[in-house]
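*Asks:* Test case, fold it:
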Amino acid sequence: MFFTSLPILLLIGYCVPFLISHFSLFKLNLPKSLPTAFKHFVSVDSAPKAFTVKRPAWLPALFFISFTALCLLIGIYFETLQTFYLNIMTTFFGQGALEENFGLKLRPFFFAFFLSFSLFASGKLLDRLRLAAMLLGYYGALTLSTDLLSFSHRLSFFPSPSSLALTLINGGFAFALFAAILMLHVRLPQHAPLATRFTLTPGPILRLSIAATLAGLGSYYVQTYFTAELNQLREWGLLGGLGPGIVLFVPFLNIILVLLGVLRLRKKRRSVNIPVAVIIPAYNEEKHIASCIYSLDRAAAHYGSKVTLYLIDNNSKDNTYRVASQALADCRYLKGKVHICEEPGKSKALNYALSLTTEAVIIRVDADTLVSQDVIRNSVSYFADKKVGAVGGIPLPKGKARLLNNMRTIEVLLGHGFTKIGFSALNALLSVPGIFAVYRRDLLVALGGFVEGMNGEDTDITLRIGRLGYKVISDPGLKVYSEVPETWEHLREQRLRWFRSAFHVSARNLSAIVRLEGLRGIFAMPWVLFQTSRRSMLLPLLIYGISLYYFQPDALLSHGLSTLLALVVGSSAVVTLFVLLIYKKTQLVLYLPAYLIFRLVRSYLTFEMLFTLPLKDLQAEVIQNWKYVRELKARRSLNGW
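*Replies:* Numbers count the residues shown, from 1 in each chain. This is a model prediction of the structure:
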């Protein structure tokens, strides 16, 4: 009786959470007066009103309840779905075209995810249904096309229907499609054209070609001479049935690009002794601002010229102004003044500071950051090269060695100390974090300063400097130390803001992709969107894999859950271990399992971020287009056309 009624219960379990979300039966219950610990990091930049919708924190949990019910339903009827799909293929190609090991594998997952996400997205029901139709329609057409091509056996190089390669190709297309459809259907910052002078030089293409060739040879060598070791890794779930050509090629490619990037950083630079400006936007930073100023004073003592501080109190509600003024008065080498910008917003404060400066080089520092004593001298020396437009360092966590600090250290070493160096080797570095960034002032002015009213102003300005043809440098030798969130609320606010910036910045700089502006537009920007899409689906993919494995253990991939585990954490674990050993952080190796769990937390927050992106209003678009058509007809009638 229970198993007979189970599908009905699961169907109810899928529909009820959606109905709760749709009709808002529960309200977000936040107290009117938020605790002080919560207030200090929440600002107008946390969720820009024009491009963000505040959604309740329980919404993702509601989604996962609904999605799990749907995945269990798929598990129950998986054989029926597979038989139905095979009948379609048989209709086209006959029984002889079928392969014994063919299975739907991940195809039902993407259909289930696209449908469920669309129903929970932020917008009117009509707009959500339109999003669902676009995602399901395009993915269905794409899946059917690739499967028909595979079953036809007309292209010898195309993967066979039962191969893992076809499943990975299908999944890659799905990740890319999801990001592209969201870019078209959510409300994002308006595209800002840029008269670029960028031309594609052969150097980055040559370096990428060399790296790809060596990575391919390395993968082949490992597969040929370390077969027994690879089989053991498959059993442990690090490869999970995947060949080294899939799992090891990308890590090898990254390592070689990083080596090329390091060689470029080790070129000798002559010292530069010119006056520099330091700009600091500060909002409710009385706890950290004095330490930040004193660290800048020590750095100024090791620099051979004048360092002037322009600290902007961005309408703080605490004693930031008084504490900063006293700390600045205590400095011996650092000079400057504390100014007040009453209009809220970090970019407002930054642009106000920029208007006060006259120095040729601008150093931006976050108010909760400590800089090392040689960081000004070493970072400014890069500007002896007239082609350098922006320079960044590595923002390590400060404070006690608690668990989240260790997670952040691993994250920073992997991202800023490894991946960004590889991107810089291709002249495709997208971001210099605003925690510590150095710019040419004339470029900031020419670009109109920092963009306001969206997330990712630091990435946006870096990207646009690179698009003008200037070099963007990321040097892990430039060490600064920044605060790590102490509460879940703070971590959640920070990561939603960071992850949302991928869409905001990409929308504003869309022409870099459309015009294929070097490897930055051809590869780096699409890759960031692709990775954001992939990361948002990791937890739903795990739910699907576990649900399907319960009912159909052999239906997913060749090695079951171990293959899924390899896709989620396998190559990342190998690369992370390599990076920790390179930086001699062997004490952090013990935290590697915890970091892999932390990656799932990041995936959860990336997924939650998607719910804060507002869908475009279809009705408003139709009305606007209708008005435009009427105005166009009226003008033509007036001109006698």
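
*Asks:* residue ranges with poor pLDDT in the stretch 451-600 of the chain?
*Replies:* Residues of the stretch 451-600 of the chain meeting the criterion pLDDT under 70: 555-571.

*Asks:* try the stretch 51-200 of the chain
*Replies:* Low-confidence segments of the stretch 51-200 of the chain, defined by pLDDT under 70, are located at 93-103, 153-157, 197-200.

*Asks:* 80 - rerun?
*Replies:* By pLDDT under 80, the weakly predicted segments of the stretch 51-200 of the chain are 88-104, 150-165, 195-200.

*Asks:* residue boundaries of the helices in it?
*Replies:* Per DSSP state H, counting those that start in this stretch, the stretch 51-200 of the chain has helices spanning 59-76, 78-93, 107-120, 125-152, 164-185. These are given in chain order.

*Asks:* any chance of the ones you listed in TSV, plus mean neighbour count and distance to V438?
*Replies:* The C-beta positions use only the backbone N, C-alpha and C, and glycine is treated the same way. Compiled in TSV, these are given as follows (neighbours: other Cβ atoms under 10 Å; distance: least, Cβ to Cβ, whole Å):
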stretch	mean neighbour count	distance to V438
helix 59-76	20	38
helix 78-93	14	55
helix 107-120	22	40
helix 125-152	17	41
helix 164-185	18	31
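
*Asks:* Can you dump the C-alpha atoms of stretch 430-443 in PDB for me?
*Replies:* Included here for stretch 430-443 are C-alpha records, laid out as PDB according to Å, rounded to 0.1, in the frame of the first residue of the first chain:
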ATOM      1  CA  LEU A 430      39.200  39.600 -15.000                       C
ATOM      2  CA  SER A 431      39.400  40.800 -11.400                       C
ATOM      3  CA  VAL A 432      41.700  42.500  -9.000                       C
ATOM      4  CA  PRO A 433      39.800  42.400  -5.700                       C
ATOM      5  CA  GLY A 434      39.000  45.800  -4.100                       C
ATOM      6  CA  ILE A 435      40.500  44.600  -0.800                       C
ATOM      7  CA  PHE A 436      43.800  45.800  -2.300                       C
ATOM      8  CA  ALA A 437      44.100  47.200  -5.800                       C
ATOM      9  CA  VAL A 438      46.400  49.600  -7.500                       C
ATOM     10  CA  TYR A 439      45.400  51.600 -10.600                       C
ATOM     11  CA  ARG A 440      46.600  54.300 -13.000                       C
ATOM     12  CA  ARG A 441      44.500  57.400 -12.100                       C
ATOM     13  CA  ASP A 442      44.100  58.500 -15.700                       C
ATOM     14  CA  LEU A 443      42.500  55.200 -16.600                       C
END
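
*Asks:* As TSV, the helices of the stretch 51-200 of the chain with distance to C341 would be great.
*Replies:* Putting the helices of the stretch 51-200 of the chain into TSV (distance: least, Cβ to Cβ, whole Å) gives the following:
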stretch	distance to C341
helix 59-76	34
helix 78-93	59
helix 107-120	38
helix 125-152	37
helix 164-185	33
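
*Asks:* Tell me, how many residues neighbour T586?
*Replies:* Residue neighbour count, defined by other Cβ atoms under 10 Å, stands at 9 for T586.
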